[in-house]
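J.: Model the structure of this input:
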Amino acid sequence: MSVARAMSNFQMKPLTGDEIRTAFLNFFEQRNHKVLPSASLVPDDPTVLLTIAGMLPFKPVFLGHEKRPSKRATTSQKCIRTNDIENVGKTARHHTFFEMLGNFSFGDYFKKEAIEWAWELSTNIFGLDPKHLVVSVFREDKEAEDIWRDVVGVDPHRIIKMDEADNFWSSGPTGPCGPCSELYYDFHPELGDIKIDLEDDSRFIEFYNLVFMQYNRDSDGTLTSLANCNIDTGMGLERMAQILQGVPNNYETDLMFPLIQKVASLIGVNYKHIDEKNKISFKVIADHIRACVHMVSDGVLATNLGRGYVLRRLLRRIVRHGRLLGIHGFFLKEVAEVAIDLMKISYPQLLTRRQQIFNELQREEARFLETLERGEKMLEDLLADNSGQISGYQAFELYDTYGFPIELTEEIAQEKFVSVDIKGFQKAMEKQRERAKAASTTIDLTIQDSLEKIVNGFDETNFVGYKKFEESSKVQAIVIDGVISNKCGDGDRIDIILESTPFYGEGGGQIGDRGLLVSVGSTNIPCEIEIDDVRRIKGSFVHSGLVKNGILNVGDIVNCKVDNYSRRCIQANHTSTHLLQSALKSVVDSDISQAGSLVGFDRLRFDFHSSRPISLEELDKVEKIINDWISEGHNLSVTEMSLSEARAAGAIAMFGEKYGDIVRVVDVPGVSMELCGGTHVANTTEIGIFKIISEIGIAAGVRRIEAISGQGALEYLNARDSVVRTLTDRLKVQSDQIVDRVITLQNEVKSLNKLLEKLQEEVASSKALALVTNAILIGDVSCIFERFDGMSGDALQSAAKTLVETLGPSSVVVLGGMPDLADNNKVVLVAAFSSEVINQGLHAGKFLGPVAKLCGGGGGGRPSLAQAGGRDVQSLDAALDFASDQLRKLLS
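T.: Here you go, the predicted structure:
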């Protein structure tokens, strides 16, 4: 009997979003799937900015780069896509943030089990009536069609064959691929089975996608069967919630509707009474705040680059839509509190990072409100130009740069009888969408690195470098210029793979070791290779270096010698990095978290999340605490334990980093405990001394400290001491008097500069009077357009004001010149308008801007006085002529 016919009483179960998630994971856990936590939204994959699909964390497994976590796995993966951001709120189920429930098989079960379980889950666990279900298959996938029809028992009329564009999944032009099958919910089965159109969103919603990864496509398009077939599925949590809860769209499910209600309470309205146009803004806010909360929780901060720009854009859309609803103050924190409360059970890290989330949202909200006001000012200026139309590019700039709604731009423009080029705006928007789609929708599973292909054939390298600096090992592979070779000789630049190694491979922020490989017992000339870098590719340690002499063959034995001095320097710097994080938490903020690090031979770099710069006093305290810990002589303890045990013990993990079930814990008792695979000193006294050399901001909310320790610190202090000795000799003072002497010299220089500026202005004013005879009349306005080189901007302003005062109440003066005759890349322009000219509606600031553009610059100012700059000296004379022509047009 078929599965479908075996089911008789179907009763759809109105489950909550949390209950749907739990039911899905439990269903597959009972079928021997390992339940894995959601990966970070920040993927360990350079081809995408954000985690855009449930299968993305398993990409290395599908490619064979990493061992499978188990034969079967199931997850609820948080995802973000922005390629259809303009549809958010306008359709029933478009989102930026969504959760993808998935079950995966890595070379274990295949189509029959995947299809049967999908049906059982849908009909038995979730209670969907088969008469409401429609299945799609790839037109050539007869195997899947037969299983749906003959094994599951689906009515053949409700099995729809689709083309490759709809039902054949591929990772890219080459690589893993295969047919897919999708389950759709039919809201109106009474319409019958004739000419079913799955593109009809009002009737059908796709809720479960099964990908059968069974082929590999090569560069000429040929498909070959994979030795081990894989299953990759995805069920949209929000879509299943819409179906089971019987609501008209995803936004009115319990996953999102409390957010809409919160926004409604802020403006004192009932959402049910809101018109459809304004409901869009409610939905956008509800969708985007979920994305923003999770992005910040996963360490993303608002910037103008990469994923930081995605966050900034989403936050600005929230504020913009809040403004459309009449919210002009701060409100992100209040909505974010609801979002966190809704998702805290499934994502407890939202609670631990709650304050960091609020801080980042409020900081960006304040920043954007200022930007939005500047956008309003820009719009006022555009309307004041009286050109009759705001161009599509200008409207897009208002929208994209300042977050200004196109609807509001149109409304205000209409009040001034100015039109907006909507077609031009839409064209600019479409170009942006194309860029976004190209950057955010493709997961590239193709293998690009030849070394990755080469290491596939070898076992993982046995690393012995925690306890040894020297080890004998067998050569497994030699690679020259990306091509595997049987041997290498003098002058060859090579990559070499060994059975075991004491060389640390770059990872966890620590760079790879350097040292020597020397052949042992070879009948050839003894070979010596200078290793300058070691990196890990999959489980293999790839040693890069230069053959200094001799010949080396695959299979030879080499003696591996890590450079002792370099390793000890790096150990001191790595342990210092751990001490630095603990000291920052102690002195600055216990919530400080690592954003990145680099541990080198000569220095260390530590990036961390902080909303403000660290004061000099705090840096001094941090430095003192660390040096106290060093002198106290703490013995380090390094142990391996389960990840859960490490977290229970209080070990700090790098947020977003992937860890195995067993982790290595580096403990400085009473000081620091971190998950770390790097090399460290045995006792803190080996560090010697620690010195901070800089603290800077590298992005919004991210600071960077650079520091040195041990021998590097001693060399740094010796260099500083040499500078001090030189200054005492030059300034003829004692070392403790240098600062006072420098301050005195700075004050003297400031006084002389002020005197020089005053003299320049006097000279400029004096010379300017000679230009009065060059004045021309345009109508009844006395005008001067002259080049005046060798004068600063302040001096030119003084000259222009003197000339206007001399020419009288109806006058215009435009001066331009090179402030530094030795610099051919700098132009200064000044315009001064008298009171009567201003009364005629002219504005010096607005007048000067287009003139400066001819010199490759810009600027502005008040109606009476403006200054601008540029870089094109060759165009200066033409710009002054242009200014004269423009003034004639304006005055006429």
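
J.: The closest residue to Asn32 other than its chain neighbours and Gly712: what is the separation?
T.: Excluding its sequence neighbours, the residue lying closest to Asn32 (CB to CB, 6 or more residues apart in numbering) is Arg72, at 5.7 Å. Every residue, glycine included, has its C-beta placed from N, CA and C. From Arg72 across to Gly712, the span is 50 Å (CB to CB, to the nearest Å).

J.: how long is stretch 45-57 from one end to the other?
T.: 9 Å (CA to CA, to the nearest Å).

J.: what does it contact?
T.: Stretch 45-57 is contacted from outside by 39-43, 59, 62, 75, 77-81, 100-102, 104, 211, 232, 234, 295, 306-307, 310, 439-444, using CB atoms under 8 Å, 6 or more residues apart in numbering.

J.: Buried residues of it, list them for me.
T.: The neighbour-count check on stretch 45-57 (16 or more other CB atoms under 10 Å) flags Asp45, Val48, Leu49, Leu50, Thr51, Ile52, Ala53, Gly54, Met55, Leu56, Pro57 as buried.

J.: ditto for stretch 211-226
T.: For stretch 211-226, by 16+ other CB under 10 Å, it's Val211, Phe212, Met213, Gln214, Tyr215, Asn216, Arg217, Leu226.

J.: check which helix or strand covers the fifth one.
T.: Meaning Tyr215. Assigned by DSSP states H and E, Tyr215 belongs to strand 204-217.

J.: do Cys855 as well
T.: With DSSP H and E as criterion, Cys855 is part of no helix or strand.

J.: tell me the pLDDT at it?
T.: In this prediction, Cys855 carries a pLDDT score of 91.

J.: got a list of what the nearest residue to it once chain neighbours are set aside touches?
T.: Distances taken as CB to CB, 6+ apart place Gly870 nearest to Cys855, at 2.9 Å, with adjacent residues excluded. For Gly870, the contacting residues are Lys826, Val827, Leu829, Ala852, Leu854, Cys855, Gly856, Gly857, Gly858, Leu876, Ala879, by CB under 8 Å, 6+ apart.

J.: Show me which of those are buried.
T.: Buried members of those, counted by 16+ other CB under 10 Å: Lys826, Val827, Leu829, Ala852, Leu854, Cys855, Gly856, Gly857, Leu876, Ala879.

J.: Which members of those are the farthest-apart pair?
T.: Across these, the longest distance by CB to CB is 15.0 Å; it joins Lys826 and Leu854.

J.: wouldn't Gly710 be in contact with Thr685 here?
T.: No: between Gly710 and Thr685 there is no contact under CB atoms under 8 Å: 10.7 Å.

J.: So between the two, which is more surrounded?
T.: Taking neighbours as other CB atoms under 10 Å, Gly710 and Thr685 compare with Gly710 leading, 23 against 13.

J.: Please tell me how far Ser495 sits from Leu552.
T.: Just so we're on the same page, residue 495 is Asp rather than Ser. With CB to CB as the criterion, Asp495 and Leu552 are 12 Å apart.

J.: Same check on Tyr251?
T.: From Tyr251 over to Leu552 (counting by CB to CB), the distance is 65 Å.

J.: on that earlier part again, name only those of the contacts of stretch 45-57 that count as buried.
T.: By 16+ other CB under 10 Å, these give 39-43, 59, 62, 75, 77-81, 100-102, 104, 211, 232, 234, 295, 307, 310, 440, 443-444 as buried.

J.: could the buried residues of stretch 45-57 be laid out in CSV, adding pLDDT, secondary structure and distance to Ser798?
T.: Formatted as CSV, the buried residues of stretch 45-57 follow (pLDDT from 0 to 100; DSSP: H, G, I helix; E, B strand; the rest coil; distance: CB to CB, whole Å):
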residue, pLDDT, secondary structure, distance to Ser798
Asp45, 75, coil, 59
Val48, 81, coil, 57
Leu49, 86, coil, 51
Leu50, 91, coil, 54
Thr51, 90, coil, 59
Ile52, 88, coil, 59
Ala53, 88, coil, 64
Gly54, 88, coil, 67
Met55, 88, coil, 68
Leu56, 85, helix, 63
Pro57, 88, helix, 65
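
J.: which one among these gets closest to Phe110?
T.: For the buried residues of stretch 45-57, the nearest to Phe110 is Met55 (15.9 Å; CB to CB).

J.: hang on, His843 packs against Leu865?
T.: No: using CB under 8 Å, His843 is not in contact with Leu865, being 10.8 Å away.

J.: got the residue ranges for the helices in the stretch 301-450 of the chain?
T.: Using DSSP state H, counting those that start in this stretch, the helices of the stretch 301-450 of the chain run over residues 306-324, 332-343, 349-352, 354-384, 392-400, 406-415, 422-440, 450-455.
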